[in-house]
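Engineer: Just to be clear, the model below is a prediction. Sequence and coordinates:
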Amino acid sequence: MAVDTDVIAAQIGRPLRARSDVVARCPLGLPVVVTVPPLLDDGTPFPTRFWLTCPLAVRRVARLESAGAIQEMEARVDSDPEFAAALEEAHERYRRDRDELVPSGAVHRPTGGVAGAARGVKCLHAHHADHAAGNLNPVGALVSPLVEPLDCTIPCVVDGVPNPDWREPR
């Protein structure tokens, strides 16, 4: 865990705000997705259960978002009832699984489904992370082939610090 904590902190560029366990790794063995508890160490509610840490995946998803993929997914939700129903089920499963981890008597609780959204598509990073963690997520399933493979030839982090030689594979 200590080694993973250092790697995750280097990947995201800041210290972790709560214990995070790796649920998906890249072919080089580094974290790609971690779980985050519903309440951070300082008690702040945190709606995002699965967090994307891999710099390559984060870059690729950000490009999709910049190119309008969230709007395209929202249009699909509006036009495809089966897709909309599958997304609502993903939100409900996410909400239910996260909320089961909230300690009884907690004053503050996270809300929403994937990425804290009440409905629709808020953040492709969160949907991809949910899918990469092994969950049924229709948005993540569409995003995944546009992000993967995570085909780095050298690690993004070495000895707990960002690798200055790491570059996005072509």
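Structural biologist: Yep, it's here. Residues are numbered from 1 along each chain as shown.
Engineer: neighbours around residue 48, how many?
Structural biologist: Neighbourhood size, residue 48 [other C-beta atoms under 10 Å]: 22. C-beta: built from backbone N, CA, C; applies to glycine.
Engineer: What of residue 148?
Structural biologist: Using other C-beta under 10 Å: residue 148 sits among 15 other residues.
Engineer: Could you report the pLDDT at it?
Structural biologist: Per-residue confidence (pLDDT) for residue 148: 96.
Engineer: so who does it touch?
Structural biologist: residue 57 (C-beta atoms under 8 Å, 6 or more residues apart in numbering).
Engineer: again, only this time at 10 Å
Structural biologist: For residue 148, the contact set (C-beta atoms under 10 Å, 6 or more residues apart in numbering) comprises 26, 32, 56, 57, 60, 128, 132.
Engineer: Tell me which strands the helix or strand the second one falls within pairs with, and in which orientation.
Structural biologist: Meaning residue 32. Secondary structure from DSSP states H and E places residue 32 in strand 31-35. In the sheet containing strand 31-35, its partner strands are strand 21-25 (antiparallel), strand 50-52 (antiparallel), by DSSP bridges.
Engineer: Where does pLDDT dip in this protein?
Structural biologist: 1-2 (pLDDT under 70).
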